[in-house]
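1. Have a look at this prediction, sequence included:
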Amino acid sequence: MDTLTKENLELEVANAISRYHRDQQGRAPGRIKASVTGNLIVVVTSEIYTPSEQQLSLHDDGRKAIKSARRELRSLTRDHAHSAIAGSCGCPVLRSYWDLDVRVGEQVEVYILAEDLDLRLSGTR
């Protein structure tokens, strides 16, 4: 793990989140960007809608249903997301935050880790 670069770690996290979303929603997001800074991992995903959600997103009530369903699913599978991140970065996730912009089909996930990954990657632990 210590020989990984920050870019490789961010790619590993993005791949783990892609697998998590594929397992939970049946498809991976179209685009994923993961950023590691200190003890934070920020993941922005876009093009996230399933075909059914894409149709629902055309109406206000549908967007409300999407956000409600995804919020509930996230609360039920939070531990799976934490495990995916912990497996990628090699340290526990203390807590996470999530939000979704239903108008554009983009979501953000923020993970707070038990360790500063910048220090680990620089070898100064």
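-> Looks like it arrived, so ask away. As the structure is a prediction and not an experimental result, all values here were calculated from the model.

2. looking at it, Val104 is touching Glu47, isn't it?
-> No. In this structure Val104 lies outside contact range of Glu47 using C-beta atoms under 8 Å: 9.6 Å. Glycine gets a C-beta too; all of them are placed from N, C-alpha and C.

3. quick one: contacts for Tyr20?
-> 77, 80-81, 84 (C-beta atoms under 8 Å, 6 or more residues apart in numbering).

4. Tell me which entries of the residues you listed lie within helices.
-> 77, 80-81, 84 (DSSP state H).

5. Dump those residues to JSON lines, plus neighbour count.
-> Listed next are these as JSON lines, based on neighbours: other C-beta atoms under 10 Å:
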{"residue": "Thr77", "neighbour count": "15"}
{"residue": "His80", "neighbour count": "13"}
{"residue": "Ala81", "neighbour count": "21"}
{"residue": "Ala84", "neighbour count": "22"}
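
6. in the lowest-mean-pLDDT helix or strand in the chain, what counts as buried?
-> Across the helices and strands of the chain, the lowest-confidence element by mean pLDDT, DSSP states H and E is helix 117-122, at a mean of 87. By neighbour count on 16 or more other C-beta atoms under 10 Å, the buried set for helix 117-122 is 117, 120-121.

7. Same check on stretch 79-93?
-> 81-82, 84-86, 88-89, 91, 93.

8. Turn the buried residues of helix 117-122 into TSV, columns for distance to Val108.
-> Shown next, in TSV, are the buried residues of helix 117-122 (distance: C-beta to C-beta, whole Å):
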residue	distance to Val108
Leu117	19
Arg120	24
Leu121	23
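
9. The helix or strand that contains Ile17: how far from the chain's middle?
-> For Ile17, the enclosing helix or strand under DSSP states H and E is helix 6-25. With C-alpha atoms, centre = their mean, to the nearest Å as the basis, helix 6-25 stands 7 Å off its chain's centre.
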